[in-house]
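> I need the structure of the sequence given here:
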Amino acid sequence: MKTSTIWDKRFVRVAAAAAFWLAVWQGVSMAIPKLLFAGPVPTVQSLLSMLPTAAFWVSVAGTVGKIAAGFAAAFAAGGILAALCSWSKACRAVLEPAVHMMKSLPVACFVVVALIWVPSAWISVLTAYFVVFPAVYINLRTGISGADRKMLEMARVFRLSAAKRARVVWIPAVLPYLLSACRVTVGMALKAGIAGEIIGLPRHSIGEQLYLAKLYLNTDDLFAWSIAIIGLSFALEKLLIHAIAAAQRKWGAPA
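Okay, here's the model as predicted:
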């Protein structure tokens with residue numbers, strides 16, 4: 001009964017907050033010409049008209065696939081280099097300036113320079129990698145450095161194999177930091193990748209669709225694509241976090 005009451009209260013709070021912001025959105029749209037600011041009803045109508053079209057899903061698949069490739073590459077490289085730099089101070093000293101540069105350089109500046117090196121079709125891959133790598137590297141290196149030294153000593157005394165040592169010590173230590181990195185980077189990768197597409201304008205991408213909507217002052221489509229991006233970011237983040245949380249339960253890492 002208490003659980004049901006808590007969920008009812010939470011639903012009321014969420015519904016009230018949503019109603020408030022929808023009212024604000026509607027009010028602003030009534031005060032500004034439609035050409036410059038679409039209201040909630042035209043935006044939803046535009047989104048519903050786009051959803052059944054092949055062009056919508058081709059653009060979504062093209063963008064998400066490339067950003068996912070950059071995201072996965074950043075996680076792989078971040079994990080390997082985090083382990084290497086936790087073992088070698090020399091490697092850490094060499095890599096730290098590059099990580100700091102990647103954290104500090106604006107995405108737009110990086111995209112403009114990167115377009116000199118790679119075709120526009122691959123800009124979202126490179127941009128997602130550029131944004132995700134520092135967060136993954138820092139989080140995983142922190143997790144590796146914070147591994148339980150007593151557990152490591154016990155594993156050494158009992159001469160556990162590398163696989164068992166990873167299962168007992170390293171994976172439980174790293175997974176919470178991996179989850180934190182995912183929470184931070186999923187939305188960042190999508191936003192940065194699409195920003196890169198808006199500058200590079202690759203074919204069959206969300207960035208191209210946003211640019212065309214802006215070019216023709218089609219604010220209904222512009223806002224509809226923005227809502228689609230928010231929905232994609234939310235769904236991808238939840239899927240990834242659910243997968244890592246399941247791994248945490250399997251490996252006995254703290255939630």
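
> average pLDDT across stretch 94-102?
Here stretch 94-102 scores 91 as its mean pLDDT.

> now it: buried residues?
For stretch 94-102, a neighbour-count test (16 or more other Cβ atoms under 10 Å) marks 95, 99, 102 as buried. (Glycine included, C-beta is placed from N, CA and C.)

> ok, and what's touching stretch 90-105?
Applying Cβ atoms under 8 Å, 6 or more residues apart in numbering, the contact partners of stretch 90-105 are 81, 84-86, 130, 133-134, 137-138.

> could you dump the buried residues of stretch 94-102 to TSV with distance to A224 and secondary structure?
Shown next, in TSV, are the buried residues of stretch 94-102 (distance: Cβ to Cβ, whole Å; DSSP: H, G, I helix; E, B strand; the rest coil):
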residue	distance to A224	secondary structure
L95	42	helix
V99	37	helix
M102	33	helix
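
> closest one to G65 out of those, please.
Distance to G65 across the buried residues of stretch 94-102 (Cβ to Cβ) is lowest for M102, with 22.9 Å.

> element containing the residue minimising distance to the centre of the chain?
For the chain, V186 is the residue whose C-alpha lies nearest the centre (Cα atoms, centre = their mean; 1.1 Å). Element membership of V186, judged by DSSP states H and E, is helix 171-200.

> surely the residue nearest to the centre of the chain is in contact with E237?
Yes. With contacts counted by Cβ atoms under 8 Å, V186 reaches E237, the gap being 4.2 Å.

> quick one: low-confidence parts of the chain?
Applying pLDDT under 70 to the chain flags residues 1-8, 147-169, 247-255.

> quick one: the helices in it?
2-31, 40-50, 54-87, 89-104, 107-117, 123-145, 149-157, 162-165, 171-200, 206-215, 219-251 (DSSP state H).

> burial-wise, tell me which of these comes out on top.
Among these, helix 123-145 has the highest mean neighbour count (mean count of other Cβ atoms under 10 Å), at a mean of 23.

> where's the closest residue to L240 other than its chain neighbours relative to H100, distance?
In this structure, L240 finds its nearest non-sequential neighbour in C182, 5.0 Å apart by Cβ to Cβ, 6 or more residues apart in numbering. Distance, C182 to H100, by Cβ to Cβ, to the nearest Å: 22 Å.

> over to G78?
In terms of Cβ to Cβ, G78 sits 15 Å off from H100.

> so what's the nearest residue to H204 once chain neighbours are set aside up against?
Using Cβ to Cβ, 6+ apart and skipping the chain neighbours, the partner closest in space to H204 is G62 (4.4 Å). Residues near G62 by Cβ under 8 Å, 6+ apart: 202-206.

> chain center to stretch 188-200: distance?
When distances are taken as Cα atoms, centre = their mean, to the nearest Å, stretch 188-200 is centred 11 Å away from the chain's centroid.

> give the contact list for the closest residue to I199 other than its chain neighbours.
Nearest non-adjacent residue to I199, counting by Cβ to Cβ, 6+ apart: V111, 4.9 Å away. Neighbouring residues of V111 by Cβ under 8 Å, 6+ apart: 123, 127, 195-196, 199-200.

> same list (these) but as JSON lines, adding distance to A19.
Putting those into JSON lines (distance: Cβ to Cβ, whole Å) gives the following:
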{"residue": "I123", "distance to A19": "39"}
{"residue": "T127", "distance to A19": "36"}
{"residue": "A195", "distance to A19": "31"}
{"residue": "G196", "distance to A19": "35"}
{"residue": "I199", "distance to A19": "36"}
{"residue": "G200", "distance to A19": "39"}
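
> out of the residues you listed, who's nearest F11?
Using Cβ to Cβ, the contacts of V111 come closest to F11 at A195, 34.2 Å.

> V107 is in contact with the closest one, correct?
Yes. At 5.7 Å, A195 counts as touching V107 under the criterion of Cβ under 8 Å.

> which neighbours do these two have in common?
Common neighbours of A195 and V107 (Cβ under 8 Å, 6+ apart) are T127.
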